[in-house]
Structure formats: C-alpha cells, structure tokens
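Enquirer: I'd like to go over a predicted model; first the sequence, then the structure.
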Amino acid sequence: MKLAPALLAASLALPLPALANKAFVSNEKGNDVTVVDTESWEVIDTFGGGNRPRGITVSPDGKLLYVCASDDDLVRVYDTETYEELYTLPSGPDPELFVLHPSGNPLYIANEDDNLVTVVDTESHTVLAEVPVGVEPEGMAISPDSKWVINTSETTNMAHFIDTSDYAIKHNILVDQRPRYAVFTDDGSKLFVTSEIGGTVSVIDMTGEVPELVHKISFEVTGVEPEWLQPVGAKVTSDGKTLFVALGPANRVAVIDVESHEVKDYILVGQRVWQMDFTPDQKYLLTTNGNSNDITVIDVAAEKAIKSIQVGQQPWGVVVTPD
C-alpha cells in the first residue's frame, strides 16, 4: 500500500531514534576490552586486548579502535563493529598513552620505558619519528589547531611542547611531581596538566607567544587524607566551562570551574578512579575504576554519579565511539 503524499511527508519528518554509541574499556589486568552499550548501559561483549592494555582511542570516523598493548610493545588495531584485530602498529617499548591527530594520522605514542614519543603513520604503519623527552613519558595531548603535541614526563616533572611540523621540542614547563595527563580546552586557550603525587593541576595559558604556567589547582576533601588526592585523568566540556579531574585513590572526580579555577564539587565514584571519556553529546562522563573493576556513569548536567557497571579486571582506559 502506498502512503498519501501528506502521510509520507509526515512519516519522513518523524525524528529517527538515536543510535547508541559504544564505550570500549581497556582492562589492564584482564588483558581484554569490555564493550558497553551507552543506551542500555549493559556490557555487550568482551574481546582480547593483548598484554596489559592501557591507552585506548578511536579513529575520527569511529571505525578503528587503537589499544596500547603495553607488555607487547605495540599498538593493536581493531574493527569497532566486529572486534576483529586488523593489524598492529609499531610503538616502541611499553606504550602507555597516545593521542591521534584529528585527521586520523599520525599517532603520537608515549613510550614509558624508552623516554621517547614515537610518531607513527597510521596508513603506512611505519615510524615517522622518535622524539627524546623526559624520564617516564606518559600523558599525551594535541592542541585543537594541531600545532602542538604535549607530552608529560613523570620523573622529569615536565610538560614538553613538541612542534608537529618538525617534531622538535620548543618549550618545556616544570609542573608538580609525577604529571599524568594533559588536556586542552576546545578553543586551545588553556592546557591542564595533572600531577598525581604533587596533588595539583597546572593551568597553562596558551594565548601568548609562549605557553605560561599561570595557576595551580589543589584539592581538599573532608575525611580524605591529602596523599590520596592524586589527580590523573581529566576532561573539559566542549563549551570550555567545566573541567573534570579523576582523583585516583580518593575515589572522587573533582568538578572545576575553568574560568575561576575554583573546585565546585566532588563526585563519589568507584575505587581508584583513573581515566574518563564523554559520550559524544557530553550528557554523560564515564570513569574507569581500577580497584572496584567497574565504570561509573556521571550525569554531566547534574554533576552526579547515576550508575556503575562491572567490567573486567582493573579497568584503565575508556573511549566512546563518535556519532
């Protein structure tokens, strides 16, 4: 039966149901990756992730999943629909975290045991450059204009600014002890660097001719020992207003006003909260909780934890596929 033109037009105008995204969680001790449906919040699959999977990200089109298999000394690449391992990429020894160029190529990898950032062509699967950095490199970020790649070195306590045009370090900024993670605001005006043992987040102004450390954010939670307040993973909302920081064994995520640098609240999550990622609409923020073997779902607008989901052994990283 054919629909009348008016009915056909009306049917075409009906909103389509939203497609669920997938969250991929790397389980460091379980040596696998858990897949979570972000609509039902149910685990829908688990597949092998190599030995000690940690850093995890997806290609801009959402079709490829990259996993740092730290004890395999390589990056494993999977199909996000079939979970089939497609190929591996060279990474140097002990890859921990990485960042992908917004175009999908290249991939910048922190090699913790070799004090290098390895630059890998994701199409030819070859190493383009090896950049010597400080001792125990970990955190990786890329500026929104793709001009700078940031690496944080845990033992040197520095943020290194690598020029993507020639892979040369142009600036070094001393931060607090054991820097773990770096993240830019979407407009590129600020860079935040978390320091796990120092217990602070360094705020770096990117608007001048050279980057400048302008502030350090510290934390205080009633009933929690100061040494438990260990900033690790961090995410900034796309409007540039709110910074979320995972506080490790404090089992909390700090909510920070980006403009004033004021800590507004602390959200109680699972045990040893580590890394985080937003859903594409930024309605939810997911955290990995390594000691409780779960992830926490945070309602971003309400700034409240609404659900926990059991995953694998010692979840480390999380990434949500884009729309």
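Expert: Done, it's in. Not measured: the values here are computed from a predicted model.

Enquirer: Any stretches of the chain with poor pLDDT?
Expert: The model of the chain has pLDDT under 70 over residues 1-19.

Enquirer: Can you verify my assumption that G49 contacts V75?
Expert: No. With contact defined as Cβ atoms under 8 Å, G49 and V75 do not form a contacting pair (11.1 Å). Any C-beta I mention is one placed from the backbone N, CA and C, and that applies to glycine too.

Enquirer: Now for those two: what residues contact both?
Expert: Common contacts of G49 and V75 (Cβ atoms under 8 Å, 6 or more residues apart in numbering): 67, 69.

Enquirer: Looking at the two, which one has more neighbours?
Expert: Ranked by neighbour count (other Cβ atoms under 10 Å), G49 and V75 place G49 first, with 31 against 28.

Enquirer: In the stretch 1-150 of the chain, what residue spans correspond to strands?
Expert: In the stretch 1-150 of the chain, the segments counted as strands under DSSP state E, counting those that start in this stretch are 22-27, 32-37, 42-48, 53-58, 64-69, 74-79, 85-90, 95-100, 107-111, 116-121, 126-132, 137-142, 148-153.

Enquirer: That should have said the stretch 201-323 of the chain, apologies.
Expert: In the stretch 201-323 of the chain, the segments counted as strands under DSSP E, counting those that start in this stretch are 212-218, 234-236, 242-246, 252-257, 263-268, 273-278, 284-289, 294-299, 304-310, 315-320.

Enquirer: Contacts for the first one, please.
Expert: Put plainly, it is strand 212-218. 173-176, 199-205, 245, 256, 261, 263.

Enquirer: Kindly recompute the last result at 6 Å.
Expert: Residues from elsewhere that reach strand 212-218, judged by Cβ atoms under 6 Å, 6 or more residues apart in numbering: 173, 200-205, 261.

Enquirer: Likewise for the second one?
Expert: With Cβ under 6 Å, 6+ apart as the test, strand 234-236 has contacts from 181, 183, 185, 192, 194, 243-245, 276.

Enquirer: Tell me which two of those sit farthest apart.
Expert: T185 and M276 (15.8 Å; Cβ to Cβ).

Enquirer: quick one, which of those two is more surrounded?
Expert: Comparing T185 with M276 by other Cβ under 10 Å, the one with more neighbours is M276, at 25 against 19.

Enquirer: contacting residues around that one?
Expert: By Cβ under 6 Å, 6+ apart, the contact list for M276 reads 233, 235, 246, 285, 287.

Enquirer: Out of those, which comes closest to A129?
Expert: Taking Cβ to Cβ as the measure, A129 lies nearest G233 of the contacts of M276, at 26.5 Å.

Enquirer: I'd assumed Q275 was in contact with the closest one.
Expert: Yes. In this structure, G233 is within contact of Q275 by Cβ atoms under 6 Å, at 4.0 Å.

Enquirer: Report the set of residues contacting both of these two.
Expert: Counting by Cβ under 6 Å, 6+ apart, G233 and Q275 have no contacts in common.

Enquirer: burial measure for the nearest residue to A301 once chain neighbours are set aside, as a count.
Expert: Excluding its sequence neighbours, the residue lying closest to A301 (Cβ to Cβ, 6 or more residues apart in numbering) is K283, at 7.2 Å. By the criterion of other Cβ under 10 Å, K283 has 13 neighbours.

Enquirer: Look up how far V320 lies from K283.
Expert: Counting by Cβ to Cβ, to the nearest Å, the separation of K283 from V320 is 11 Å.

Enquirer: before we move on, what about D239?
Expert: Applying Cβ to Cβ, the value for D239 to V320 is 18 Å.

Enquirer: repeat for D166
Expert: From D166 across to V320, the span is 33 Å (Cβ to Cβ).

Enquirer: Those two: who's more crowded?
Expert: Counted by other Cβ under 10 Å, D166 and V320 do not tie: V320 has more neighbours, with 20 against 8.

Enquirer: does that one have beta-bridge partners, and which?
Expert: Counting by DSSP bridges, V320 forms beta bridges with A23.

Enquirer: So it sits against A20, correct?
Expert: No. Judged on Cβ under 6 Å, V320 makes no contact with A20 at a distance of 10.4 Å.

Enquirer: I figured F192 hits I204, correct?
Expert: No. Taking contacts as Cβ under 6 Å, F192 lies outside contact range of I204: 7.5 Å.

Enquirer: With neighbour numbers in mind, choose between these two.
Expert: Between F192 and I204, F192 has the larger neighbour count (other Cβ under 10 Å), namely 25 against 22.

Enquirer: residues touching that one, list them.
Expert: Counting by Cβ under 6 Å, 6+ apart, F192 makes contact with 183, 201, 234.

Enquirer: In a strand, it, correct?
Expert: Yes. F192 sits within a strand when classified using DSSP: H, G, I helix; E, B strand; the rest coil.

Enquirer: Could you check how far it is from S292?
Expert: With Cβ to Cβ as the criterion, F192 and S292 are 26 Å apart.
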